[in-house]
Structures are given as structure tokens and as C-alpha cells.
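Colleague: Need coordinates for the below:
(chains A and B)
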Amino acid sequence: MQIVAGTTSHRSIHTATKHIINDVIGDINGTPDFIIVAYTPNYREKKNYEEAITKLCEESGTDNIIGGTFPAIATSNDTPTTQGCSAIAFQSSELEIQPPVSYSNIRINPERGADKLVKLFKNNQKLNTTGFFLTPGPNFPPDSFNDMKMLDTIFAHKFRGMFNQVGKLINRNMGKKGYGVTSFAYKILKKLLENGVHNTLGGATVDLDMRSCFQFQGNDIFQNAMVGTTFASDSLNFGHSWTFDKSNRSKTFEITNGLKSSGYIHTINDKPSKEEFLNVINISSELYEEEFKGTAYASLLYLSTLKSKNQENLPFVSLCHPILNGVIATIPEEILDESDKIAEFCTQSGIGVQKSAYQCAKSAVQGIDNPAFGLFINCSNRLLIAGDKTEEENKMITEALGADVPFMTVYSGGEFSIINHKPVYAAVSVHGLVGGYNKSPQKNVVF
Amino acid sequence: MSSKLGINSELQDLTHLEEVEASILFRIDGNVVDSSFKEEYSHKLLRTIQWCKANVDKVSLEMKSSNLKKVTYELSEFCVIFYVVNNITILTTISSKNANLSLLSIESKRKALLIANYL
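Modeller: Okay, the predicted model is just below:
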């Protein structure tokens, strides 16, 4: 089995691609079976990515490529970059990777996209199977907040049941324009679960400047699509895990009222939500605006978590825009339904971010004696918290997996997993998938 | 690629980033080893570069004595990141004041490491 990972950086996408072809594809003896490729969003134009991916397909000799654009990317053997390309290529007779699928317009119809992944899972007859998919991420260009102003109206407050439907329409309308959060991914996870999928990993492409982000499948470049595939093997095991920095827990607050269909919170602790949110985190609205305007007004350092009945504490991002009175929360409707509505703040720290990356990798590799590769979806918010110490996170992952294990980390706009039949939809978290061998052959156990 | 071309290419990569105005490789005595600028630059930027040139020896002394790898200055018009490349050179990245410094420091660090390989 050959698995090669590499990262390169250059101002020109063509040079970056040329280097990645030399460093990664060139190291594979023959044609790779499958490649995951990630570019940073600074090359902007769709045409640039089209040319780069076409070149990659031509030079590698395979169309079995998926990927997307992420604010930063890294691999086990190189430091992270915010201006370049990372790739991981696979060639193995033991690992069956299905030709990837894509579904455009995933924001509007996530179930149909999920159907495509389900088919891939059903095609597999191997002992161990897992999935990997990428979606578009949160996108809040300045105009988008105007569409949400009607969620503040007196009618929206008084008739929440009816306005939940309006909220759905607003979400759908924003989805059509490519705006909004990634809560549709929860529907993909649910659909996969209903169809017996027990493990998978997913992440969202994002541009922190809130311009276009892209997804790749073969020669095709999409803006609002899901791309994905499945990994299956009789000899390799797959380990999954996820975590976030929960070391600094502070205050709790109650989500008293809101429009669950659009994740829009009207009142917190029975008080107007935006004022109370800023009050709880003890920050003035001017300072909040100054601090977070560069990240679409999302309060990155003050991560809120909700205790869900069926899952652990699930982190979500809260967003206070100056023209809105409410707080936008990235909580899917279903999670809000099953939680007790008491949220807790976990203040993020650089050290905490590093430690949680180690925990995630260590837990994913548990039960695997000889890890062969790793894929990590790490939140781009954690990237902003870690800054130039981001590299330390990857050193921690190397420590957990072993020095020679190739892995790839993309810094995403949403992280999703199904781990042992449980869906995990989280923000500001790190999710990992590790593939590898066990010394003793696995036995089928019948309970 | 020769070291001179290599270093210049890394500096150009930095200035190609939207919010970066200039990237300069200084010797710790204030002499410029190499530099790259956006095509259009203002007098304000030139004044900031002069400020960097005049202060790089003091900054590097402070970095050395306090064992600092990176120092960031947020000036009224620009942000300046000084990153240690090796014992005698410092990479200086000048960006607009609205730049995302977390993201920029990731790339500055990467470029400092790459430049160190050329020296």
C-alpha cells in the first residue's frame, strides 16, 4: 500500500499544482487509485481551480479525485499554509475506494445528495467501511443579513410557530443564493444513519473572507455541492473520533425562545438575545464588532455548547450582526429539539486546541495497532485561535499516530461525523478518521 | 533555484496575498537583504518601511534577549509582523490594518522557515 501526502505553497496555483504533482503523485509508483486535494481560497477564480484540477487529473491518470477550498491546509510532513495546495494520494489493493460522487445544490436538497452516498455504502461488501464527504460551508456575505431582518419583527416574536415556516423559507432562499449555515449536513448524517451507515467523516469548505468556496470531484468544480466517497477494506480497520477544547468552561445561559427552523434566537435568559449574549460574555457591542467583523461576526472565542439527549455536549457558533436584534446560532433544528436548551460557554485557548487535537487522534487510533493514514477535519475557527501555533496541533497528531504516518488536515467551516451509529454535528471542533492494521486478525463476533 | 531567486519568490508569494503590502528580509543591522512590494504603494507605506528599517535592530535585539520568535506591531495604518529567520535575518511582513493576523502569521512563519533553508 502506498499513501503519500504533501503540502506546497506558491502565489501561482499552477506552480503550486506542479509541485504537488512532483511531490505527491510522483512518489506513487504507478497511477494512484484516489486523491484528496485541498487548495486555499486565495486563487479566487473558478477558472484557476478548473485548470489546476484538470492538470492534476491528466498528470495523475485518475479522475478519482475529490477536494475543496479551505482557509488553511496541512499534511503530516509539512507546515500549514494559507496559500497553496495539499494532497494525499492512495494506491492499494487492500483499500477499496469507490469512484467519488457529487450532488450539486446540496443546501436545498441534502437528502438526495445523501442518497448518492448511501448507494456507495451499499455497493461495498467489505468487512470495514467508512465514508468521507465535503460540503459547502457557512457563507454570510454582507447582503445576506438583510434577508434575516424580518425574523426580528414583532410578528416573528409573537407567532413563532408560524414564523418557523417563514424561517424555513428564508433559509431556503438563502440556500439558493449559497448563503447560510451548514445545518443541512445534519440531514445528510440522519439519512446515512437511517440507511445503516455507522461511521463516516465530513467537513465543509469555507472562505473566511466570505467569498466563494469550491468543491471538486474529478474534473468538475462546484460551488454548492456535496462530494464524497467511501473507503472499504477487509484488512484495514477505520477509527473515528471527535473532540473540542472543553477545558475552560464558564457561564451557562438558557436559550429561552427562538425560531428553531432558522437557528435564530430571540431571547436568552428571558431577555433580548443579542444584549444578553454580549452581557454574558461581558463584552461591549463596539468591541464585539471590532473583534469579530473579520469573521462574519461569529464569536469564535466564546464557543457555546448544548447538551443533547442523544449525544454529548455539542458545540455551536453564535453570531451577532449589528443590524439584527437576535443571535444566529449554528444549531440544527433536530438538535435544538432534543436538547434541554441550557447552553454553556467554553472559552477556547491555544493550548486547549492543541491538546484536543492530540485527544482526537489518540482516540481515533485506539484499537488500531499500525496506523496507515489519517484524515482530519479541523475547524477554521480553531485555526484563528491557534494562529502560527497551528503547526503544533499537527505535531500533536503526529505524536498520537506515529512519526511516519501520512495524514492530511483541512481547516473547515463545519465538521460532521457518524461515529458508532451516532451523528455528530459540531462547530469549532476537530474530527478524525484513521485507517490501519491490527496485529491480530479481526474476528466477527455475534452477540 | 538559486538562493537569491528562491528568497525573492517566497517574498513575492507573501506580497501576492491580498492584504500584504510589502515583505522585506532585513539583516538585524537594518540592511535590506531582499524585498517585494505591491505594484502600487503609498507614501504612508514608505514611511512605515522607514520606521521598520530604523527599528529592526532594536526589535531584533529585544527578540534575541527575550527569546521571541515573532513580534507584531499594530500601527495606525498598517500591521507589521517581524519573524525571526535565523541569527542574522528577520522577515518583515507589512499588511493593511484590517488583515487577519492569525492567518497571516501562519504564512509568515512558513515563509520564514522556507527562507531559512535558502540562507
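Colleague: Contacts only, for A:A329.
Modeller: If a contact means C-beta atoms under 8 Å, 6 or more residues apart in numbering or on different chains, then A:A329 has A:I255, A:G258, A:G263, A:Y264, A:I265, A:S304, A:F316, A:V317, A:S318, A:L319 as its contacts. Every residue, glycine included, has its C-beta placed from N, CA and C.
Colleague: I'd like to know how far the third one sits from chain B.
Modeller: Right, the one you point to is A:G263. Going from A:G263 to chain B by C-beta to the nearest C-beta, to the nearest Å gives 25 Å.
Colleague: now the first one
Modeller: Counting by C-beta to the nearest C-beta, the gap from A:I255 to chain B is 29 Å.
Colleague: My read is that B:L101 contacts A:D388, right?
Modeller: No: counting by C-beta atoms under 8 Å, A:D388 is not a contact partner of B:L101; they are 9.5 Å apart.
Colleague: quick one, what contacts the nearest residue to A:I13 once chain neighbours are set aside?
Modeller: Counting by C-beta to C-beta, 6 or more residues apart in numbering or on different chains, A:I13 lies nearest to A:Y43, which is 4.3 Å off, once chain neighbours are set aside. Residues in contact with A:Y43 (C-beta under 8 Å, 6+ apart) are A:I13, A:Y49, A:A52.
Colleague: Just the ones of the contacts of A:A329 in strands?
Modeller: A:I255, A:G258, A:Y264, A:I265, A:S304, A:F316, A:S318, A:L319 (DSSP state E).
Colleague: Ranking by neighbours, what's the top pick from those?
Modeller: Among the ones in strands among the contacts of A:A329, A:S304 has the most neighbours (other C-beta atoms under 10 Å in any protein chain shown), with 29 neighbours.
Colleague: Tell me if I'm right that it and A:L314 touch.
Modeller: No: judged on C-beta under 8 Å, A:S304 makes no contact with A:L314 at a distance of 9.6 Å.
Colleague: Near chain B, which residues of chain A? Just list them.
Modeller: Within chain A, the residues that sit near chain B (C-beta under 8 Å from any C-beta of the partner chain) are A:9-11, A:42, A:71-72, A:79-83, A:208, A:294-295, A:383-388, A:390-391.
Colleague: switch the cut-off to 6 Å
Modeller: Counting by C-beta under 6 Å from any C-beta of the partner chain, chain A comes close to chain B at A:R11, A:T79, A:P80, A:T81, A:T82, A:Q83, A:G294, A:L384, A:G387, A:D388, A:T390.
Colleague: Distance of the residue nearest to A:I13 relative to A:N173?
Modeller: Counting by C-beta to C-beta, to the nearest Å, the gap from A:Y43 to A:N173 is 29 Å.
Colleague: Kindly report the same for B:N8.
Modeller: Distance of B:N8 to A:N173, computed by C-beta to C-beta: 49 Å.
Colleague: List the contacts of the residue of chain B found nearest chain A.
Modeller: Using C-beta to the nearest C-beta, the single residue of chain B nearest to chain A is B:H16, 3.5 Å away. For B:H16, the contact set (C-beta atoms under 6 Å, 6 or more residues apart in numbering or on different chains) comprises A:R11.
Colleague: Okay, and residue 79 sits in which element?
Modeller: This is for chain A. Using DSSP states H and E, A:T79 maps to strand A:78-81.
Colleague: could you do chain B instead?
Modeller: Assigned by DSSP H and E, B:C79 falls in strand B:78-84.
Colleague: So for that strand, mean pLDDT?
Modeller: Mean per-residue pLDDT for strand B:78-84: 94.
Colleague: and for that strand, what are the contacting residues?
Modeller: B:48, B:59, B:63, B:69-73, B:90-95, B:97, B:99, B:108, B:112.
Colleague: now the following helix or strand past that strand and strand B:78-84, what's the angle there?
Modeller: Counting by DSSP H and E, the next helix or strand C-terminal to strand B:78-84 is strand B:89-96. Counting by axes from the mean of the first three to the mean of the last three C-alpha atoms, to 10 degrees, strand B:89-96 points 160 degrees away from the direction of strand B:78-84.
Colleague: what about the residue nearest to A:K191 when sequence neighbours are not counted, neighbour count?
Modeller: Nearest residue to A:K191 in three dimensions, chain neighbours excluded: A:A114, at 3.6 Å (C-beta to C-beta, 6+ apart). A:A114 has 27 neighbours, counted by other C-beta under 10 Å.
Colleague: helix, strand or coil for A:A114?
Modeller: With DSSP: H, G, I helix; E, B strand; the rest coil as the basis, A:A114 sits in helix.
Colleague: residue contacts, it?
Modeller: Counting by C-beta under 6 Å, 6+ apart, A:A114 touches A:I188, A:K191, A:L192.
Colleague: one more time with 10 Å, if that's ok
Modeller: If you count contacts by C-beta atoms under 10 Å, 6 or more residues apart in numbering or on different chains, A:A114 has them with A:103, A:106, A:133, A:184-185, A:187-195, A:197, A:226, A:228.
Colleague: returning to what we had before: possible to save the contacts of A:Y43 as a markdown table with neighbour count and secondary structure?
Modeller: What follows is the contacts of A:Y43, written out as a markdown table (neighbours: other C-beta atoms under 10 Å in any protein chain shown; DSSP: H, G, I helix; E, B strand; the rest coil):
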| residue | neighbour count | secondary structure |
| --- | --- | --- |
| A:I13 | 24 | helix |
| A:Y49 | 24 | helix |
| A:A52 | 24 | helix |
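Colleague: Residue 23: what's its closest spatial neighbour, skipping adjacent residues?
Modeller: All of this refers to chain A. In this structure, A:D23 finds its nearest non-sequential neighbour in A:G6, 4.1 Å apart by C-beta to C-beta, 6+ apart.
Colleague: hm, I was asking about chain B
Modeller: B:L14 (3.9 Å).
Colleague: Pull the distance from the helix or strand containing that neighbour to the chain's centre.
Modeller: If you go by DSSP H and E, B:L14 is part of helix B:3-16. Distance, stretch centre to chain centre, for helix B:3-16: 11 Å (C-alpha atoms, centre = their mean, to the nearest Å).
Colleague: Many thanks, I have nothing further to ask.
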